[in-house]
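Enquirer: okay, predicted coordinates and the sequence, questions at the end:
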Amino acid sequence: MSNEPENVTPEKWVNLEDIAIHLSMSEDTVRTWVKEGKLPFYRVGKRYKFKIDDWIRTGKIKE
């Protein structure tokens, strides 16, 4: 049984290009944030994958 409410769609995994568009920033800035540990990510081979909706809602950026 899931802890999520029934009417909530699970967050999808997205790639670096999609995150840049979603956050209205350049792909280079996303890469920099990843390297600096400011943005939560997962590696799948050579690709970055992101699930950041909860991160955005809670305002958990690390300065």
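Expert: Cool, the structure landed. Numbering: from 1, shown residues only.
Enquirer: in the chain, where is pLDDT below threshold?
Expert: Residue ranges of the chain with pLDDT under 70: 1-8, 10-11, 60-63.
Enquirer: pull out the buried residues from the longest helix seen in the chain.
Expert: For the chain, the helix with the greatest residue count under DSSP state H is helix 27-35. Neighbour-count burial for helix 27-35 flags 30, 33, 34 (criterion: 16 or more other CB atoms under 10 Å). Heads up, the C-betas are built off the backbone N, CA and C, glycines and all.
Enquirer: turn those residues into TSV, including distance to residue 49.
Expert: Below are the buried residues of helix 27-35 laid out as TSV (distance: CB to CB, whole Å):
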residue	distance to residue 49
30	12
33	15
34	11
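Enquirer: on that earlier part again, what's the helix or strand following the longest helix of the chain packed up against?
Expert: Per DSSP states H and E, the first helix or strand lying C-terminal to helix 27-35 is strand 42-44. For strand 42-44, the packing partners by 3 or more CB pairs under 8 Å, 6 or more residues apart in numbering; DSSP states H and E come out as strand 47-50.
Enquirer: what lines up beside the strand it packs on in the sheet?
Expert: strand 14-15 (antiparallel), strand 42-44 (antiparallel) (DSSP bridges).
Enquirer: and the ones you listed, which is most packed in?
Expert: Of all those, strand 14-15 has the most neighbours on average by mean count of other CB atoms under 10 Å, namely a mean of 15.
Enquirer: list the buried residues in the helix or strand following that one.
Expert: Counting by DSSP H and E, the next helix or strand C-terminal to strand 14-15 is helix 16-22. By neighbour count on 16+ other CB under 10 Å, the buried set for helix 16-22 is 16, 19, 20.
Enquirer: turn those into JSON lines, columns for distance to residue 56.
Expert: Listed next are the buried residues of helix 16-22 as JSON lines, based on distance: CB to CB, whole Å:
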{"residue": "16", "distance to residue 56": "16"}
{"residue": "19", "distance to residue 56": "10"}
{"residue": "20", "distance to residue 56": "14"}
